[in-house]
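Chemist: here is a sequence together with a model predicted from it:
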Amino acid sequence: MRGEETIDELRDFDLRVIQQRSGYRFSVDPLLLCDFAGIREGEEVADLGTGCGVIPLVLARMAEGTRFVGVEHQKSLAGLAGRNVALNGLSHRISIVNRDIMEVKGLLSPSSFDLVVANPPYRKRGTGRVSPIPGRDDARHESTAALADFLAVARKLVKVSGRICFISHPSRLSEMLVAAVGLKLAPVRLRMVHDNPGAEGRMFLLELVKGRKGDLRVLAPLFVNNGERRDGG
């Protein structure tokens, strides 16, 4: 391990994760997405914008016989993801692709994944504060791909009747639903994430399906405070 890196433990999943000490570091959000996605045994999964690889790592521990491709355009993060896969003995199940998601055509077969997940940048290009720390803005702000692009790529990769699960900021919810309708993706589950019962929603989790209809279920809110979760309802 290099001096500018840390190794953090996710003991619930028997994982060790190398991260940049001062660059982008994952939060509780990808862990919430993993729980929401409800991975099933034997599924093939793609993670768009995998960062250091935490989502496929956690999902691989949640279900045996599953296989993953993590796509990450930042070379440094893709390198970290590959090292994390090897560190946790999961190289036979997880592949990391260092490409922009807009360039996966020809690399990943269309309609070949049971589940596509993404924790895309929450902020639109040119909005919010600019971080002085290299790499953080690429993770937080859209660069080459916008939210609708992530959704379009996910639709291309997922099988008919397959699932797409995203986590994003509430300010992007209407945009995502409009894009989903345009792509003929049916929203079937929505869950808001709050810090506490009196707080506004700070994130949302959304599941969409391709090639079939479904009624939208709005699940009980999820309360997460200081990394501790509590189901509402």
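Modeler: Looks like it arrived, so ask away.
Chemist: show me what the nearest residue to Leu219 once chain neighbours are set aside bridges to in the sheet.
Modeler: Once flanking residues are discounted, Leu219 sits nearest to Arg191: 4.2 Å by C-beta to C-beta, 6 or more residues apart in numbering. Any C-beta I mention is one placed from the backbone N, CA and C, and that applies to glycine too. Here Arg191 sits in beta bridges with Leu205, going by DSSP bridges.
Chemist: next: the one 10 residues further on.
Modeler: Judged by DSSP bridges, the bridge partners of Gly201 are His194.
Chemist: residues near it, how many?
Modeler: By other C-beta atoms under 10 Å, 15 other residues sit near Gly201.
Chemist: and it, how far from Val224?
Modeler: 11 Å (C-beta to C-beta, to the nearest Å).
Chemist: what sits in contact with each of the two?
Modeler: Shared contacts of Gly201 and Val224 (C-beta atoms under 8 Å, 6 or more residues apart in numbering): 193-194.
Chemist: who are the packing partners of the helix or strand harbouring Val209?
Modeler: In this assignment (DSSP states H and E), Val209 forms part of strand 201-210. Contact partners of strand 201-210 among helices and strands, from 3 or more C-beta pairs under 8 Å, 6 or more residues apart in numbering; DSSP states H and E: helix 29-37, strand 158-168, helix 173-182, strand 185-194.
Chemist: can you give me the strands for the chain?
Modeler: For the chain, strands defined by DSSP state E occupy the ranges 5-10, 15-20, 44-48, 67-71, 94-97, 113-118, 158-168, 185-194, 201-210, 217-218, 222-225, 228-231.
Chemist: mean pLDDT lowest for which of these?
Modeler: Lowest mean pLDDT of the strands of the chain: strand 228-231, a mean of 69.
Chemist: check contacts around the nearest residue to Leu90 once chain neighbours are set aside.
Modeler: Distances taken as C-beta to C-beta, 6+ apart place Ala60 nearest to Leu90, at 5.3 Å, with adjacent residues excluded. Listed by C-beta under 8 Å, 6+ apart, the contact set of Ala60 reads 66, 68, 90, 93-94.
Chemist: check Leu15 too.
Modeler: Contacts of Leu15 by C-beta under 8 Å, 6+ apart are 9, 57-58, 61, 88.
Chemist: looking at the protein, which helix is longest?
Modeler: Scanning the chain for the longest helix, with DSSP state H as the assignment, gives helix 75-87.
Chemist: what angle do strand 5-10 and that helix make with each other?
Modeler: Here helix 75-87 points in a direction 50 degrees away from that of strand 5-10 (axes from the mean of the first three to the mean of the last three C-alpha atoms, to 10 degrees).
Chemist: no more questions from me, cheers.
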